[in-house]
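> The following block contains a protein sequence and its predicted model.
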Amino acid sequence: MIVERKRIFILVKTYPTVSRRYRETVCTAGILEDGTWIRLYPVPFRLMKDEKKYKKYTWINVDVERNNSDFRIESYRPDISSIEIEPELPKVKGRVDWETRKRIIFGRQKIYTNLGELISEAKETKKSLAVFKPSEIISLDARECPDEWSEETLSYAEAQARQLNLPGLNEELRDLRLAQKIPYEFRYTFTDDERKKASLMIEDWEIGMLYLNCMKRKGDSQVAIEDVRKKYFDDFARTKDVHFFLGTTIAHHYSSHNPFIIIGVFPPPFPVS
């Protein structure tokens, strides 16, 4: 197997999911200096040593090899122990430098606006990551789902916890409690440039943590959902130049008509005219 050193600008960290093989993993994705997308898996993020835990919109350097168990062209297996994190992008007048982020992300990226075109390309080329600009975001909805991991999934995950042996993990965290399951599935309903409507699940880490933090403060799920809606719809969808980072799941890449989910939400301010 060929090991390569890659410099990656991290764009995506999804909310942790329970894995039968790796106990708990986070889907991580980003772009290389030439604009090529790359997916890193497995990444048991919460179990990693603190000095290996990277933030979104930072450059990291890591040794990777092609993930031959995943046919999607962007998928690589990282050596967690090899991660080196570069300093964060400097702020401008104390604020996030959205323009630098946009230059890095959009500089060599195709920005898709037609969902049908993207889906066709994914089926034909095994492409599974993309930047998408919706024409209109219609709503942010919450669909109730089970609030606990299944017993079968938990039993597999706990068994793997005793066997997990990836370099770069913090051994003191091996028995860390599994991430709390979010009891709602948040979705954006939107249209593309042909006014075709779609509804896609959002698996961004931030939306899950926003819900949990609101629940911790207020103790009411409906109030927490409204707080999520205020942030992701009233703020992002109505006042920001929102782009989606879309990704397919390996299980549905070919079996589903639309295999994409929203794995990241990018909300820069609108360009100044």
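Great, that's in hand. Keep in mind the model is a prediction, meaning the values are calculated, not measured.
> Name the residues of the longest helix anywhere in the chain that are buried.
Ordering each helix of the chain by length in residues (DSSP state H) puts helix 205-218 first. For helix 205-218, the buried set under the neighbour-count rule, 16 or more other CB atoms under 10 Å, comprises 205, 206, 207, 208, 210, 211, 214, 215. Any C-beta I mention is one placed from the backbone N, CA and C, and that applies to glycine too.
> cool, stretch 108-123 as well?
In stretch 108-123, counting by 16+ other CB under 10 Å, buried: 112, 115, 118, 119, 122.
> Also stretch 60-67?
Per 16+ other CB under 10 Å, stretch 60-67 contains these buried residues: 60, 62, 63, 64, 67.
> Looking at those, which gets the smallest pLDDT?
Minimum pLDDT for the buried residues of stretch 60-67 is recorded at residue 67 (92).
> Need the contact partners of the longest strand along the chain.
Secondary structure of the chain per DSSP state E: the longest strand is strand 3-13. Contacts to strand 3-13, defined as CB atoms under 8 Å, 6 or more residues apart in numbering, come from residues 26-33, 38, 40, 45, 54-65, 76, 79, 82, 104-105, 204-205, 245, 247, 263-264, 266.
> what are the ranges of the helices in the chain?
Using DSSP H, helices in the chain cover 98-106, 115-125, 151-161, 205-218, 221-229, 238-239.
> number of nearby residues for residue 125?
10 (other CB atoms under 10 Å).
> and it, what pLDDT?
94.
> so residue 43 makes contact with residue 24?
No - the criterion here is CB atoms under 8 Å, and residue 43 misses it with residue 24 at 9.9 Å.
> Low-confidence stretches in this protein?
20-22, 152-167, 171-176, 272-273 (pLDDT under 70).
> Could you report the neighbour count for residue 226?
Residue 226, neighbours per other CB under 10 Å, totals 15.
> Could you list the domains of this structure?
The chain resolves into domains spanning 3-85, 111-146+181-266 when parsed by automatic domain parsing.
> what residues are up against residue 234?
Residue 234 neighbours (CB under 8 Å, 6+ apart): none.
> same thing with the one 10 residues further on?
For residue 244, the contacting residues are 131, 132, 133, 134, 188, 200, 262, 264, 265, 266, by CB under 8 Å, 6+ apart.
> ranking these by neighbours, who comes first?
residue 264 (26 neighbours).
> For it, list each beta-bridge partner.
residue 245 (DSSP bridges).
> if I read this right, it contacts residue 204, doesn't it?
Yes - using CB under 8 Å, residue 264 is in contact with residue 204, at 5.4 Å.
> who touches both of those two?
By CB under 8 Å, 6+ apart, the residues touching both residue 264 and residue 204 are 12, 13, 14.
> what about residue 71, distance to residue 253?
8 Å (CB to CB, to the nearest Å).
> do residue 189 as well
Counting by CB to CB - residue 189 and residue 253 are separated by 22 Å.
> And residue 50, by the same measure?
34 Å.
> same thing with residue 195?
Residue 195 is 26 Å from residue 253, by CB to CB.
> of the two, who's got more company?
Ranked by neighbour count (other CB under 10 Å), residue 195 and residue 253 place residue 253 first, with 19 against 8.
> what's around the residue nearest to that one when sequence neighbours are not counted, how many residues?
Leaving out its chain neighbours, the residue that sits closest to residue 253 by CB to CB, 6 or more residues apart in numbering is residue 259, at 4.8 Å. By other CB under 10 Å, the residues close to residue 259 number 19.
> list the contacts for residue 259?
Residue 259 touches 119, 122, 128, 248, 249, 252, 253, counting by CB under 8 Å, 6+ apart.
> Try it again at 7 Å.
Residues in contact with residue 259 (CB atoms under 7 Å, 6 or more residues apart in numbering) are 122, 248, 249, 252, 253.
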